[in-house]
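**Q** coordinates only, no sequence provided:
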């Protein structure tokens, strides 16, 4: 140690100070995400925004069309047109079951109800009627074996010659008489009548009347 001065630092302390005061070159920090990754992420975000905007616009159009259709379907209807719709179609406005289903469905229900009670066998087969807008048909059926024993209709050539210039009820009566004659040829005297879901009037009743006049027993 020098006289009159501060003691000299020990050699270890001097070397530590020199080490800590030494300049060290800094390594540049690398970004964890590259510019390419940023560009891809931005492009995906833009595409997602475009798709979302398109779907929102389509949804808005669908909602507007739905509102227009709803306004048209719930447009005010007069009482006269409503009554006519119920009488003609019976599927939209009625409260009862017969007002909520179509005429065809109502006939099918009546037909099934009748068939539960009316059935033909070899002793007393079933006489059933079908009518269309222009023609009428009749059949005598044995339900046990599922065979048609006799049939007649206005589409036959023999019948067309007889029904020329006749009214629809007269045509149906002729069909009933011809059906009864064909049934008697096969030994059938008694039948059960199946109106097939139709009301018993008009052409349907005329077929039954013609068959009775020809000798069939109902």
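**A** Arrived safely. Since the structure is predicted, the reported quantities are computational estimates derived from the model, not experimental observations. Numbering: from 1, shown residues only.
**Q** if I look at residue 194, how far off is residue 131?
**A** Separation of residue 194 from residue 131 (C-beta to C-beta, to the nearest Å) stands at 13 Å. Where C-beta positions appear, they are placed from N, C-alpha and C, glycine not excepted.
**Q** give me the more crowded residue out of the two.
**A** More neighbours surround residue 194 than the other of residue 194 and residue 131, with 21 against 18 (other C-beta atoms under 10 Å).
**Q** residue contacts, the more buried one?
**A** 114-115, 118, 126-129 (C-beta atoms under 8 Å, 6 or more residues apart in numbering).
**Q** let me know the secondary structure of the closest residue to it other than its chain neighbours.
**A** In space, and not counting its chain neighbours, residue 194 is closest to residue 128: 4.1 Å by C-beta to C-beta, 6 or more residues apart in numbering. Secondary structure, DSSP: H, G, I helix; E, B strand; the rest coil: residue 128 is strand.
**Q** from residue 106, how far off is residue 128?
**A** Going from residue 128 to residue 106 by C-beta to C-beta gives 18 Å.
**Q** just give me the neighbour total for residue 173.
**A** 23.
**Q** next one: residue 109
**A** Quick note: residue 109 (other C-beta under 10 Å) scores 14 neighbours.
**Q** same question, residue 208
**A** The burial count for residue 208: 21, using other C-beta under 10 Å.
**Q** what's the answer for the one 3 residues further on, then?
**A** A count of neighbours around residue 211, defined by other C-beta under 10 Å, yields 28.
**Q** residues touching it, list them.
**A** 127, 138, 176-177, 179-180, 183, 191, 218.
**Q** of these, which belong to strands?
**A** Those of these mapping onto strands are 127, 138, per DSSP state E.
**Q** need the contacts of residue 211 in JSON lines with neighbour count, distance to residue 166 and pLDDT, can you?
**A** As requested, the contacts of residue 211 are exported to JSON lines (neighbours: other C-beta atoms under 10 Å; distance: C-beta to C-beta, whole Å; pLDDT from 0 to 100):
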{"residue": "127", "neighbour count": "28", "distance to residue 166": "21", "pLDDT": "94"}
{"residue": "138", "neighbour count": "27", "distance to residue 166": "16", "pLDDT": "95"}
{"residue": "176", "neighbour count": "28", "distance to residue 166": "13", "pLDDT": "95"}
{"residue": "177", "neighbour count": "21", "distance to residue 166": "12", "pLDDT": "94"}
{"residue": "179", "neighbour count": "26", "distance to residue 166": "16", "pLDDT": "95"}
{"residue": "180", "neighbour count": "26", "distance to residue 166": "18", "pLDDT": "95"}
{"residue": "183", "neighbour count": "25", "distance to residue 166": "22", "pLDDT": "94"}
{"residue": "191", "neighbour count": "24", "distance to residue 166": "24", "pLDDT": "94"}
{"residue": "218", "neighbour count": "11", "distance to residue 166": "24", "pLDDT": "86"}
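**Q** how about the helix or strand hosting residue 110, which residues are buried there?
**A** Using DSSP states H and E, residue 110 falls within helix 103-117. Buried residues in helix 103-117, counted by 16 or more other C-beta atoms under 10 Å: 111, 114.
**Q** what is the mean pLDDT for that helix?
**A** The pLDDT scores in helix 103-117 average 85.
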